[in-house]
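Chemist: build me a model from this:
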Amino acid sequence: MKKSTQAVRAGTRHDKNMGGLNTPLLASSAIEYLDDSEVRYPRYFNTLNHDVVAEKMSALELAEAGLVTSSGMAAISGIFFGLLTRGDHIVFTEGLYGGTHALIVKELERFGITYSFTATDVKSIANACGPDTRMIYVESPSNPLLTIVDLAAVAAFAKPRGILTVIDNTFASPILQNPLVPGFDLVMHSGTKYLGGHSDLCCGVLVTRSDELGERFYFLQNSTGAILPPQDSWLLIRSLKTLNLRMERHCRNALQIATWLEDHPRVSEVYYPGLTSHPGHELTKRQCRDFGGMLSFRVESPGHARAVLRRLQLISFAESLGGVESLMTLPAVQTHADIPLKERERLGICESLLRLSVGIETVDDIIADLEQALG
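Modeler: Residues are numbered from 1 along each chain as shown. Have a look, this model is predicted:
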């Protein structure tokens, strides 16, 4: 089945009692299982609404196993503390989401796990690996500079060395990119973003082709209780049905806006892989189906950036992304504030950089708002 059909149909359980086509909401923590082969309980990740989401996401990501967590950070925590142990080393690409960076620098060493940050090219990643390296963790496209990692090359390097490869696939979504296909071991999403898509729920997703990894994550998340309640799982089922349609509109709008911004006299730089000027443009064309709905751009000064935010009328200033409405953030003081100032400036995440999550509104209306806000 194609992506749009999988998004609607995969995993669905019809309401047999009333004939409803939608999966019903099972808002119960006590479930009879006398004639069932397994004990059903919400924390065991095996209840109706969770099963449907997991099956739908596994189909979209071409995975064998999946589970849904209470947040993206719950999924990331499970990756670090479920798969690594004292003495292990992780290689991270630079410019990660600020919440991920904070967890790395504040908690990993306390558990005896060491780490290195490196540039996103394969040579730098390989050079950062040592005899104790057990994992390579990347974002592609990255947040907020939209850097692209060559997933096939990273997987080809890591696999013969027994190094696990992990990607945060939030910006691309499973509609645009399936990292398990070029050989990555594990994919996570902040489902709060494009998967939910309506800025009304918080969740995370983990998928893998490895039964062993799937069992490990099931045990850890079950033990720590990082579950998603049935009501939110039901909302996520609803949202995933329109994911393909929404991503088409996000991508189309973002390309038009990025092209417009690139020619604007008060914008010095635009970060969007759909532009031929983006260094990852050709690589994105090879490993993604489209260029995504996220972009960042740099204006004249920090003062100008804050003035833009205050003048916005249609676009909202909010710390999230991937919703149907367009949102703008100032990463240096919001999503990436936990990264030390010198490191942010070295990476280019300064207070003149604005990040735009392009919504599905009429693109002319979004551009009109940007035009008046830029001054």
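Chemist: tell me where the stretch 201-350 of the chain has helices.
Modeler: Assigned by DSSP state H, counting those that start in this stretch, the helices in the stretch 201-350 of the chain fall at 211-224, 230-240, 243-262, 281-287, 302-311, 341-347.
Chemist: can you put those in a markdown table and add mean pLDDT, distance to V68 and mean neighbour count?
Modeler: Every residue, glycine included, has its C-beta placed from N, CA and C. Below are these laid out as a markdown table (pLDDT from 0 to 100; distance: least, CB to CB, whole Å; neighbours: other CB atoms under 10 Å):
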| stretch | mean pLDDT | distance to V68 | mean neighbour count |
| --- | --- | --- | --- |
| helix 211-224 | 84 | 9 | 16 |
| helix 230-240 | 94 | 6 | 21 |
| helix 243-262 | 98 | 14 | 20 |
| helix 281-287 | 98 | 25 | 16 |
| helix 302-311 | 98 | 33 | 16 |
| helix 341-347 | 86 | 31 | 14 |
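Chemist: A10 is nearest to which of those?
Modeler: helix 230-240 (8.6 Å; CB to CB).
Chemist: tell me which other helices or strands the closest one touches.
Modeler: helix 48-61 (3 or more CB pairs under 8 Å, 6 or more residues apart in numbering; DSSP states H and E).
Chemist: what about R161, neighbour count?
Modeler: 12 (other CB atoms under 10 Å).
Chemist: ok, now which ones touch it?
Modeler: Counting by CB atoms under 8 Å, 6 or more residues apart in numbering, R161 touches C129, T133.
Chemist: what do you get for M294?
Modeler: M294 neighbours (CB under 8 Å, 6+ apart): P141, N143, P144, L146, F171, A254, Y272, L321, R355, L356, S357, V358.
Chemist: where's the residue lying closest to G197 once chain neighbours are set aside relative to D121, distance?
Modeler: Closest residue to G197 apart from its sequence neighbours, by CB to CB, 6 or more residues apart in numbering: S239 at 4.9 Å. Distance from S239 to D121, counting by CB to CB, to the nearest Å: 35 Å.
Chemist: for A27, give me phi and psi.
Modeler: When read as degrees, to the nearest 10, the backbone of A27 gives phi -90, psi 70.
Chemist: could you do the one 4 residues further on as well?
Modeler: The main-chain torsion angles of I31 are listed as degrees, to the nearest 10 and equal phi -130, psi 130.
Chemist: go on, I367?
Modeler: The phi/psi pair for I367 (degrees, to the nearest 10) is phi -60, psi -40.
Chemist: look up how far P42 lies from it.
Modeler: Applying CB to CB to I367 and P42 gives a distance of 45 Å.
Chemist: these two - which one has more neighbours?
Modeler: The neighbour comparison of I367 against P42 (other CB under 10 Å) goes to P42, with 21 against 17.
Chemist: burial of the closest residue to K241 other than its chain neighbours, as a residue count?
Modeler: Leaving aside its chain neighbours, K241 sits nearest to V8 (4.9 Å; criterion: CB to CB, 6+ apart). Using other CB under 10 Å, the number of residues around V8 comes to 16.
Chemist: and V8, what element?
Modeler: V8 belongs to helix 3-9 when assigned by DSSP states H and E.
Chemist: can you pull the buried residues of that helix?
Modeler: K3, S4, Q6, A7, V8 (16 or more other CB atoms under 10 Å).
Chemist: how about stretch 119-126: buried residues?
Modeler: Those would be T120, V122, I125, A126, for stretch 119-126 by 16+ other CB under 10 Å.
Chemist: sorry, that was for stretch 346-353
Modeler: Here stretch 346-353 shows L347, G348, I349, C350, E351, S352, L353 as buried, counting by 16+ other CB under 10 Å.
Chemist: ok, L354 to M247 distance?
Modeler: Using CB to CB, one gets 22 Å for the distance from L354 to M247.
Chemist: I'd say M57 and A63 touch.
Modeler: Yes. With contact defined as CB atoms under 8 Å, M57 and A63 form a contacting pair (7.4 Å).
Chemist: of the two, who's got more company?
Modeler: For M57 versus A63, neighbours defined as other CB under 10 Å are more numerous around M57 (27 against 22).
Chemist: how about that one, what does it touch?
Modeler: A63, G66, V68, P174, H189, L195, V205, V207, L240.
Chemist: equivalent analysis for A254, please.
Modeler: Counted by CB under 8 Å, 6+ apart, A254 has contacts Y272, G274, F291, G292, G293, M294, L295, V358.
Chemist: backbone dihedrals for the residue lying closest to it once chain neighbours are set aside, both of them.
Modeler: For A254, ignoring the flanking residues on the chain, the nearest one in space by CB to CB, 6+ apart is V358 at 4.2 Å. For V358, the backbone dihedrals (degrees, to the nearest 10) come out as phi -80, psi 120.
Chemist: V358: neighbour count?
Modeler: Neighbours around V358, by other CB under 10 Å: 29.
Chemist: ok, it - contacts?
Modeler: Applying CB under 8 Å, 6+ apart, the residues near V358 are H250, N253, A254, I257, G293, M294, L295, S326, I366.
Chemist: got it, and S142?
Modeler: Contacts of S142 by CB under 8 Å, 6+ apart are T93, G95, L96, T120, I148, V149, F171.
Chemist: the strands in the stretch 101-250 of the chain, which residues?
Modeler: 114-118, 133-139, 164-168, 186-190, 204-208 (DSSP state E, counting those that start in this stretch).
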